[in-house]
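J.: Make a model of this:
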Amino acid sequence: MKKYTNYMLVGLMSSVTTLGGFYLLQDKIENPLVTSTSSQQNGDFEFVDYKGNYGYTAPSFVEAANKSVNTVVAINNYQTQTQRQRQMDPFDFFFGFPEQRQQQRSQENQPAGSGSGVIISPDGYIVTNNHVIKGANKIEVKLNNQKTYTADLIGSDPSTDIALLKIEDKGLPYIKFVDSDVINVGDWVLAVGNPFGLNSTVTAGIISAKGRSINILRQNSDSPIESFIQTDAAINPGNSGGALVNANGDLIGINTAISSPTGSYAGYGFAVPSNLVKKVVEDIKKYGLVQRGYLGIQGFDLSDAQAVRQYNQQEKKNIKTDKGVMVTSVVPKGSAIEAGIQEGDIITKIDGKTINTFSNLSFQVGSKRPGDKVEVTVLRDGKERNYTLVLKDAKGNSSTRSKADLTALEILGADFEPLTERQKDSFGINYGVMVKNIEPNGKLAGAGVQEEFILLSINNKEVSSKNDIEKILKNHKGRVNIKFADFYGRIYTKGFTLE
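T.: As a prediction, the model looks like this:
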């Protein structure tokens, strides 16, 4: 018994010594379970002494969610839907306009789509996507508290897919912008919106890339600006126009698109950076339209191996893939050619900021206005050169313009050609103009008019030339009703407001 007692005393003393040593060590080390940063060389490789990341505290997004969810709204797009009852006649597709053989029933303000928006000021300004409200006769906004408003469309920009709305109220919760240039790949983000009609949905992820171009806006604009923030936070149909916020609940982007073979979340979402959103909104509020500067060049990414191969074959060159934008042509009387930039130059910097891709270039330049000066750095024959450019708009103007400066034809957003005698005979009419070069952000495009449709009348007055259109719309303000025909001779009547 005495022998066993001695063993027990020795064991007890050993335990006390061990625990004492552990606690002494714990006093010297803040958290012994956090990954050690010590490393050791083992042959050709360096190994980290990993002891387990158990001391890591998972982030909480409760504060960011509470801060942002009440600033995000649901948006419903209502449009007039026309139901047609026709007597089928194969000759309709070859002769005349079958207007007399049609009965039309218009259903006003039918739901045509939905999305999200973000309140950006206490007096009711709301940012959303242009594609969320495109073609709407009525825009309904529902707040997180279920209060409903009818919103006015202040302006939109298909080139960035941004639109600005306004509801009449005061003291509304609103979101604050943060500088999207300083965010980093790997930062936590939340996507806040109304996917599949599920109001006030919050999903979390990280920023997985910056400056992404996915060629989704080209269908709506001849000069799209794509420099998206890419995230793996779940974004689905209905999230469009909603907020992408940082871990503090501040706005870093407007959720716009997803990359998916099914049309639903597949891991990648894309948001317009807040700095570009801010610039577009400021332009719409101040000028009534977006002011956009252009360098006046065409080119391609030097990082695009296929584009480099094609260029080398066509130009008998031997350039290598690299960073920057190769200038393939310069616009006559454009900013670039007037400053001295030439074909074959490689643009590497704008205002000291490195240009890796054409999307970087379009973002940096598109964030400025006509009349702004920019410093452009190029490589020519291996030597670096710097040029100062004064930006111009698409019309060649080097100063800003407001809506009041636009002509009626610019507001309509198209060119018009008189019908030939053969076309008149084919369609069985003696009036009308062919619509050409339609602009995606013009009033006609918004009304559903497409390239080579035939415009028949404006405010019940027949048109046969561009001059007819100018005379009808000269000094006109308010509602405009147009009648036009598509490729098959089907007649449509649409209206819009000319401000």
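J.: Do a quick rundown of the helices in this protein.
T.: Ranges of helices within the chain are 2-28, 62-69, 130-133, 274-287, 305-315, 335-339, 358-366, 408-412, 421-427, 443-446, 466-473, based on DSSP state H.
J.: how about the ones you listed in CSV, adding distance to residue 179 and mean pLDDT?
T.: Bear in mind the C-beta positions are built from the backbone N, C-alpha and C, glycine included. CSV is the format used below for the helices of the chain (distance: least, C-beta to C-beta, whole Å; pLDDT from 0 to 100):
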stretch, distance to residue 179, mean pLDDT
helix 2-28, 41, 50
helix 62-69, 17, 93
helix 130-133, 24, 91
helix 274-287, 7, 94
helix 305-315, 32, 91
helix 335-339, 27, 93
helix 358-366, 14, 89
helix 408-412, 34, 82
helix 421-427, 54, 85
helix 443-446, 33, 83
helix 466-473, 42, 90
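J.: State the number of residues packed around residue 318.
T.: Residue neighbour count, defined by other C-beta atoms under 10 Å, stands at 7 for residue 318.
J.: again, but for the one 5 residues further on
T.: The number of residues packed around residue 323, counting by other C-beta under 10 Å, is 14.
J.: before we move on, what about residue 454?
T.: Number of residues near residue 454 (other C-beta under 10 Å) recorded here: 23.
J.: Was I right to think it contacts residue 428?
T.: No: between residue 454 and residue 428 there is no contact, the gap being 11.8 Å when judged by C-beta atoms under 8 Å.
J.: and residue 244, what does it touch?
T.: Shown here is residue 244, whose contacts under the criterion C-beta atoms under 8 Å, 6 or more residues apart in numbering are 189-192, 229, 231, 233, 251-255, 271.
J.: returning to what we had before: can you tell which of the helices of the chain is closest to residue 174?
T.: helix 62-69 (10.3 Å; C-beta to C-beta).
J.: circling back: would you list the helices of the chain in CSV and tack on mean neighbour count and distance to residue 45?
T.: Conversion of the helices of the chain to CSV gives the following (neighbours: other C-beta atoms under 10 Å; distance: least, C-beta to C-beta, whole Å):
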stretch, mean neighbour count, distance to residue 45
helix 2-28, 9, 29
helix 62-69, 17, 40
helix 130-133, 24, 50
helix 274-287, 20, 42
helix 305-315, 13, 31
helix 335-339, 21, 49
helix 358-366, 23, 36
helix 408-412, 19, 65
helix 421-427, 13, 75
helix 443-446, 21, 59
helix 466-473, 16, 73
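J.: Tell me which of those helices sits nearest to residue 212.
T.: Comparison of the helices of the chain against residue 212 by C-beta to C-beta identifies helix 358-366 as nearest, at 7.2 Å.
J.: Show me what that closest one is packed up against.
T.: The helices and strands touching helix 358-366, judged by 3 or more C-beta pairs under 8 Å, 6 or more residues apart in numbering; DSSP states H and E, are strand 201-212, strand 297-301, strand 346-350, strand 353-354.
J.: Between the two ends of stretch 457-471, what distance do you get?
T.: Across its full length, stretch 457-471 reaches 13 Å between end residues, using C-alpha to C-alpha, to the nearest Å.
J.: From here on, call the first residue 277.
T.: Done: numbering now begins at 277, and the last item shifts to stretch 733-747.
J.: Domain ranges for the chain, per the record?
T.: 278-324, 337-567, 573-666, 682-774 (automatic domain parsing).
J.: Out of those, which one sits most buried?
T.: Mean neighbours per residue, mean count of other C-beta atoms under 10 Å, is largest over the domains of the chain for domain 337-567, with a mean of 19.
J.: Determine how far stretch 448-455 lies from the middle of the whole chain.
T.: Remark: stretch 448-455 is offset 18 Å from the chain centroid, using C-alpha atoms, centre = their mean, to the nearest Å.
J.: May I see the domains of the chain organised as CSV, with distance to residue 676 added?
T.: Output for the domains of the chain, formatted as CSV (distance: least, C-beta to C-beta, whole Å):
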stretch, distance to residue 676
domain 278-324, 54
domain 337-567, 5
domain 573-666, 6
domain 682-774, 12
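J.: weakest of those by average pLDDT?
T.: Lowest mean pLDDT of the domains of the chain: domain 278-324, a mean of 53.
J.: thinking again about what came up before, got the helices of the chain as a markdown table, with distance to residue 574 columns?
T.: Below are the helices of the chain laid out as a markdown table (distance: least, C-beta to C-beta, whole Å):
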| stretch | distance to residue 574 |
| --- | --- |
| helix 278-304 | 64 |
| helix 338-345 | 40 |
| helix 406-409 | 25 |
| helix 550-563 | 22 |
| helix 581-591 | 12 |
| helix 611-615 | 10 |
| helix 634-642 | 10 |
| helix 684-688 | 23 |
| helix 697-703 | 34 |
| helix 719-722 | 24 |
| helix 742-749 | 29 |
